[in-house]
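# when you get a sec, could you give me coordinates for this:
(one chain, ligands or ions: 2)
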Amino acid sequence: MIEARELSKRYGDIVAVDRVSFSIERGEVVGFLGPNGAGKTTMMRMLTGFLPPTDGEAIIAGHDIFEDPLAARRAIGYLPETPPLYPEMTVAGYVEYAARIKDVPRRERRAAVDRALERCALRDVALRVIGTLSKGYRQRVGIAQAIVHDPPVLILDEPTVGLDPLQIREIRDLIGELASGQGEHQHTVILSTHILAEVSAICRRVILIVEGRKAVDAPIDELTRDGHGLEELFAREATRDLAADAAAAAAEGAR
Ligand SMILES: Nc1ncnc2c1ncn2[C@@H]1O[C@H](COP(=O)(O)OP(=O)(O)O)[C@@H](O)[C@H]1O
Ligand SMILES: [Mg+2]
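Residues are numbered from 1 along each chain as shown. Ligands and ions are numbered 1, 2, ... in the order given. Sure thing, here's the model as predicted:
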């Protein structure tokens, strides 16, 4: 459903994403885990077509995001790091606007908006102005705009950042429901987080990104099978990567 082939992004001398490849099947919920600055947002912006890669390809639901961007984008719901919410719009008005820019046909729009509001538990605040909502509700509005065209793929950049524990639980439950839908309504989800507990709470598979590179890609139950905590494993992977870098730099210096 989602395929990254050797995706790279360089900003001048900075390598934000370094030849990352993976393949994600329908219905999988995958967590991109990594410290701040690891390259998660850059990766997601490339997968959604907002940022051209320096190298590599991204295929979403069979469409190359850069060769066939319209078809690929139709298959994607994207919650950016900072969703462009218009504080003066009402919740329903904004989700309707999102449906319009995502080409949901006029006669289906009403039902699409209602469904998105329902799934995100936003019905009670449909007529409220976005600027007056709590951060948790605003995050749900961000998710509602991402799912309004019923895309098979959801890409959520730090969906619970800045929320309180209760709001975090609500958003996690919502993501779980979106992923567990049946048939047509089953979503494939990638979410990013710098919080370890988040991946074990929501995801079945984790891709650990360290300094732009894929350090681990495995099902969570496999990683924790022999009694290791995820924490321990990731600390080891992160430092192994840094140690390898230091060794490479030393070798470079010796030449
Ligand atoms: N527009 C940009 N110009 C230069 N460097 C950038 C730009 N965007 C991101 N970076 C750098 O790329 C790296 C990865 O950033 P990012 O993808 O935002 O990481 P994450 O989302 O994991 O915190 C960081 O070192 C960041 O400073
Ligand atoms: Mg980020």
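# switch to C-alpha atoms for all contacts and neighbour counts from now on
Fine.
# any stretches of the stretch 151-255 of the chain with poor pLDDT?
Residues of the stretch 151-255 of the chain meeting the criterion pLDDT under 70: 182-185, 238, 240-255.
# which parts of the stretch 51-200 of the chain are helices?
69-74, 91-101, 106-119, 135-147, 165-180, 196-202 (DSSP state H, counting those that start in this stretch).
# of the ones you listed, flag the one that's most buried.
Comparing these by mean neighbour count (mean count of other CA atoms under 10 Å), helix 135-147 ranks first with a mean of 24.
# quick one: list the elements packing against it.
Other helices and strands packing on helix 135-147, by 3 or more CA pairs under 8 Å, 6 or more residues apart in numbering; DSSP states H and E, are strand 76-79, helix 91-101, helix 106-119, helix 165-180.
# generate TSV for the helices of the stretch 51-200 of the chain, with distance to ligand 1 as supplementary columns.
Formatted as TSV, the helices of the stretch 51-200 of the chain follow (distance: least, CA to the nearest ligand atom, whole Å):
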stretch	distance to ligand 1
helix 69-74	20
helix 91-101	24
helix 106-119	27
helix 135-147	17
helix 165-180	19
helix 196-202	13
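# can you list those in a markdown table and add distance to residue 31?
Listed next are the helices of the stretch 51-200 of the chain as a markdown table, based on distance: least, CA to CA, whole Å:
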| stretch | distance to residue 31 |
| --- | --- |
| helix 69-74 | 21 |
| helix 91-101 | 26 |
| helix 106-119 | 22 |
| helix 135-147 | 17 |
| helix 165-180 | 12 |
| helix 196-202 | 6 |
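# for residue 127, find the nearest of those helices.
helix 91-101 (6.0 Å; CA to CA).
# just checking, what packs against that closest one?
Against helix 91-101 (3+ CA pairs under 8 Å, 6+ apart) you get helix 106-119, helix 135-147.
# mean pLDDT added to those helices, as JSON lines?
Converted to JSON lines, the helices and strands packed on helix 91-101 look like this (pLDDT from 0 to 100):
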{"stretch": "helix 106-119", "mean pLDDT": "95"}
{"stretch": "helix 135-147", "mean pLDDT": "93"}
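# wait, which of those helices is closest to residue 36?
helix 135-147 (20.0 Å).
# contacts for the closest one?
If you take CA atoms under 8 Å, 6 or more residues apart in numbering as the criterion, helix 135-147 is touched by 76-79, 83, 85, 91, 94-95, 98-99, 116-117, 119-122, 130, 154, 159-160, 162-164, 167-168, 171.
# what angle separates that helix from helix 106-119?
140 degrees (axes from the mean of the first three to the mean of the last three CA atoms, to 10 degrees).
# check the offset of helix 135-147 from the chain's centre.
13 Å (CA atoms, centre = their mean, to the nearest Å).
# same thing with stretch 130-149?
The answer for stretch 130-149 is 15 Å, by CA atoms, centre = their mean.
# what's the answer for stretch 219-228, then?
Using CA atoms, centre = their mean, the offset of stretch 219-228 from its chain centre is 23 Å.
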